[in-house]
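K.L.:
the sequence and its predicted three-dimensional model are supplied below.
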Amino acid sequence: MSENLKTIKELADELGVSKKKIHYQVSKLDSDLIQKLDGTLDNRAITAIKENIGYVSKTKLDSGAIQNRQHLDSELDTQNTKLIHEKSEQINYLKEQIKNKDNQISVKDEQIKSLVEAQKQIQNLLDQQQRLALQDKKLLEEYKAENDRLKVLKMPSQETEFKHLDNQYKDEVNALKEKLENLQEQIKDQKRIEEQEKPRKWWGLWRK
């Protein structure tokens with residue numbers, strides 16, 4: 001049988017419907033679409049019946065599926081692009097936060113370094129004060145020993161010279177005492193400033 005001609009049974013089997021349904025559709029067709037001699041249907045009749053019952057060929061289904069898949073792929077690409085953009089923005093934001101934290105840590109490191117340097121300076125001042133105190137003590141002991149020695153000798157002819165030396169020595173001792181007192185005042189002032197600044201510095205560090 002020609003491929004363009006089908007019996008009612010063949011068409012019913014192809015479309016997966018009953019012969020009764022095909023007979024009903026045939027009854028609605030124009031008479032010129034029906035082969036009267038053998039009861040077969042030509043291609044025009046077959047096409048009309050398929051359209052009337054809403055039959056969609058596999059080729060059309062495959063084409064529709066491809067279009068749907070392409071549309072779905074396009075939607076997925078759009079969503080993926082949007083998601084990648086959002087994630088990139090989040091990554092850039094986190095990188096900026098990390099950079100800011102690194103800067104804050106660098107500032108704190110500098111502040112700690114300054115505090116350590118200040119402590120070293122204070123320690124140097126304390127060491128200097130101790131050395132001057134020992135030097136002053138040594139000078140006083142030497143002066144006392146010299147004075148005692150002169151008293152034992154009791155040399156009247158040199159009394160004037162000894163008095164002059166005594167006065168000169170006292171002046172030197174007094175000058176050293178004054179220098180020591182000034183240094184002690186400087187250290188006290190430095191300690192007061194350090195005690196006042198210390199809470200503010202540490203408070204500033206914790207706030208950052």
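P.N.:
Looks like it came in fine. Bear in mind that the values here come from a model prediction, so they are computed numbers and not experimental data. Residues are numbered from 1 along each chain as shown.

K.L.:
what's the spacing between the spatially most central residue of the chain and Asn167?
P.N.:
In the chain, the centroid-proximal residue (C-alpha atoms, centre = their mean) is Ile98; its distance is 2.6 Å. Applying C-beta to C-beta, to the nearest Å, the value for Ile98 to Asn167 is 72 Å. In short, each C-beta sits where N, CA and C put it, glycine included.

K.L.:
next one: Lys137
P.N.:
21 Å.

K.L.:
now the lengthiest helix in the chain, how far from the centre of its chain.
P.N.:
Criterion DSSP state H: the longest helix present in the chain is helix 58-153. Relative to its chain's centre, helix 58-153 lies at 14 Å (C-alpha atoms, centre = their mean, to the nearest Å).

K.L.:
any weak-confidence spans in this structure?
P.N.:
1-4, 31-39, 56-71, 73, 76, 154-162, 198-208 (pLDDT under 70).

K.L.:
domain map for the chain?
P.N.:
Annotated domains of the chain cover 1-55, 99-207 [automatic domain parsing].

K.L.:
tabulate those (CSV), appending distance to His85 and mean neighbour count.
P.N.:
Below are those laid out as CSV (distance: least, C-beta to C-beta, whole Å; neighbours: other C-beta atoms under 10 Å):
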stretch, distance to His85, mean neighbour count
domain 1-55, 44, 14
domain 99-207, 21, 12
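
K.L.:
who's in contact with Asp136?
P.N.:
Neighbour list for Asp136: Val173, Leu176, Lys177, Leu180 [criterion: C-beta atoms under 8 Å, 6 or more residues apart in numbering].

K.L.:
ok, and the closest non-adjacent residue to the second one?
P.N.:
Translated: Leu176. Distance criterion C-beta to C-beta, 6 or more residues apart in numbering; nearest residue to Leu176, sequence neighbours excluded, is Asp136 at 5.6 Å.

K.L.:
turn the domains of the chain into TSV, including distance to Gln79.
P.N.:
Shown next, in TSV, are the domains of the chain (distance: least, C-beta to C-beta, whole Å):
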stretch	distance to Gln79
domain 1-55	34
domain 99-207	30
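
K.L.:
for Ile91, find the nearest of those domains.
P.N.:
domain 99-207 (12.6 Å; C-beta to C-beta).

K.L.:
just the C-alpha atoms of the one helix or strand Glu10 maps to, please, in CSV.
P.N.:
For Glu10, the element it lies in under DSSP states H and E is helix 8-15. The C-alpha coordinates for helix 8-15 follow below in CSV (Å, rounded to 0.1, in the frame of the first residue of the first chain):
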residue,chain,number,x,y,z
ILE,A,8,-8.8,3.4,9.2
LYS,A,9,-7.2,0.6,11.3
GLU,A,10,-3.6,1.6,10.3
LEU,A,11,-4.3,5.2,11.2
ALA,A,12,-6.0,4.3,14.5
ASP,A,13,-3.0,2.1,15.4
GLU,A,14,-0.6,4.9,14.5
LEU,A,15,-2.4,7.5,16.6
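
K.L.:
ok, back up a step: I'd like the next helix or strand past the longest helix of the chain.
P.N.:
helix 159-207.
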